[in-house]
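Predicted model, plus sequence, below.
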Amino acid sequence: MDEEKLARTLEQEGFRYTYVWQDGPNVSYPNHTHPVETAHIILGGEMTLTMAGESRTCRAGERCDVPAGALHSARTGPSGCRYLIGER
C-alpha cells in the first residue's frame, strides 16, 4: 500500500489532517466521540469498530469512517493495528 497516495486521496476528499498511528495487540478504546469526521485506513493488522450497536472488523486495505459526534469504541486485533487517520 502506498501510504502517501492514500493520504493524498484523503486530502482530496477534504480531510485536513492525515497521520499514521499504531497500536499494540488488543488495545481497547472505550466509547468516545470526536468533534470531526474521521477516516481510518488499515495498513496492517486489524481493528474492530463498534458504532450504533454494530461491530465491524477492518483489515489491511479496508477503511472505516466515523461521523463527527458518533459514539463509538475500537479494539485492535491480536497483532495490533497500524492505520492512516484522516480528520476533517
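Here it is on my side, so go on.

Which positions in the longest strand along the chain come out as buried?
Ranked by residue count and defined by DSSP state E, the top strand of the chain is strand 72-87. Buried residues in strand 72-87, counted by 16 or more other C-beta atoms under 10 Å: 72, 74-77, 80-87. C-beta: built from backbone N, CA, C; applies to glycine.

again, but for stretch 21-31
Going by 16+ other C-beta under 10 Å, stretch 21-31 has these buried residues: residue 23.

Same question for stretch 44-58.
Using 16+ other C-beta under 10 Å as the test for burial, stretch 44-58 gives 45, 46, 47, 48, 49, 51, 58.

Which of the residues you listed fall in strands?
Short answer: the buried residues of stretch 44-58 in strands (DSSP E) are 45, 46, 47, 48, 49, 51, 58.

Just name the closest of the residues you listed to residue 11, please.
residue 58 (20.6 Å; C-beta to C-beta).

mind checking pLDDT for that closest one?
Residue 58 carries a pLDDT score of 97 in this model.

do the same with residue 1
For residue 1, the predicted pLDDT is 74.

The one 4 residues further on too?
We note a pLDDT of 94 for residue 5 in this prediction.

If we go by neighbour counts, what in stretch 30-40 is buried?
37, 38, 39, 40.

Of those, just say which sits nearest to residue 21.
Nearest member of the buried residues of stretch 30-40 to residue 21, counting by C-beta to C-beta, is residue 40, at 8.6 Å.

give me the element residue 11 is part of.
helix 3-12 (DSSP states H and E).

and that helix with strand 72-87, angle?
Using axes from the mean of the first three to the mean of the last three C-alpha atoms, to 10 degrees, the inter-axis angle of helix 3-12 relative to strand 72-87 is 90 degrees.

immediately after helix 3-12, which helix or strand?
Next along the chain from helix 3-12, counting by DSSP H and E, comes strand 17-23.

Give me the helices and strands touching that following strand, please.
Here strand 17-23 touches helix 3-12, strand 72-87, going by 3 or more C-beta pairs under 8 Å, 6 or more residues apart in numbering; DSSP states H and E.
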